[in-house]
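Undergrad: let me see the structure of the following:
(one chain, ligands or ions: 1)
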Amino acid sequence: MTLVTPSVVEPVPAPAPDLRAETSGDSAPIEALLDQAFGPGRFAKASERVREIAPLRRDLSFCAFEAGRLVGVVRQSEIAVGGRRMIFLGPLAVDTQARRLGTGAALVQAACAAAAQAGFGEVLLVGDPPYFERLGFSAQATGQIIMPGPVDPRRLLLRRLDGAAPEDAVVFQGAVTAP
Ligand SMILES: CC(C)(COP(=O)(O)OP(=O)(O)OC[C@H]1O[C@@H](n2cnc3c(N)ncnc32)[C@H](O)[C@@H]1OP(=O)(O)O)[C@@H](O)C(=O)NCCC(=O)NCCS
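TA: From the prediction side, this is the model:
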């Protein structure tokens, strides 16, 4: 009998990255990752106008590490919409070498779970609907929210943390301000 050695080595699945809340010591690698992910247009984004007025909630922001190296980040800030306190999510970025492994989704889910745990009912963001709709966000209830700068209304997305549909019951309306 002849033994046939397989010529193709099965890929070893990458280990799931470790997630933990951001600390002040993470700032430098986070800046480098955001530069890599967004490039020079990073500070022209509509979300930046929100981040200029909203305090960062480092305790509700998360970093992903692979073998001790930062490979992903999601940050969250506290805002008010027409006086109602909620969370603004972003930026979200995953290292180009570590994408399509579920890290981005895991970061968003961790961020939303932490926001819910902290007593917030909604998370707002500006992002691509095809990505964020899969994670429970929708533009259905954001039509009356006024951002501090121009934004494509189709990209202004909200997720309710109580499991209710975004368009149900509460009308989210008014200007996005500091809390
Ligand atoms: C968006 C981003 C965070 C996703 O990270 P990730 O770890 O690769 O995400 P996941 O593994 O959870 O999901 C990957 C899937 O999302 C898809 N995807 C990624 N970006 C997308 C986008 N902008 N629109 C639609 N789908 C997108 C991928 O094609 C992949 O699809 P597949 O599952 O069918 O293969 C990452 O691509 C990134 O850092 N992009 C640059 C910065 C950015 O655009 N951030 C989001 C706006 S704040």
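
Undergrad: and the residue of the chain found nearest the ligand, helix, strand or coil?
TA: Across the chain, the shortest distance to the ligand (Cβ to the nearest ligand atom) belongs to Gly104, at 2.7 Å. Placement of C-beta: from N, CA and C, glycine included. Secondary structure for Gly104, judged by DSSP: H, G, I helix; E, B strand; the rest coil, is helix.

Undergrad: what about it, neighbour count?
TA: Counted with other Cβ atoms under 10 Å, the neighbours of Gly104 add up to 20.

Undergrad: OK, contacts around the residue lying closest to it once chain neighbours are set aside?
TA: Spatially, and ignoring its direct neighbours in sequence, Gly104 is nearest to Val94 (4.9 Å; Cβ to Cβ, 6 or more residues apart in numbering). With contact set as Cβ atoms under 8 Å, 6 or more residues apart in numbering, Val94 has these partners: 37, 64, 71-72, 103-104, 107.

Undergrad: I'd like these written out as TSV, with secondary structure, distance to Met86 and pLDDT added.
TA: Shown next, in TSV, are these (DSSP: H, G, I helix; E, B strand; the rest coil; distance: Cβ to Cβ, whole Å; pLDDT from 0 to 100):
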residue	secondary structure	distance to Met86	pLDDT
Ala37	helix	24	96
Ala64	strand	24	98
Val71	strand	28	98
Gly72	strand	23	98
Thr103	helix	25	97
Gly104	helix	21	98
Leu107	helix	19	98
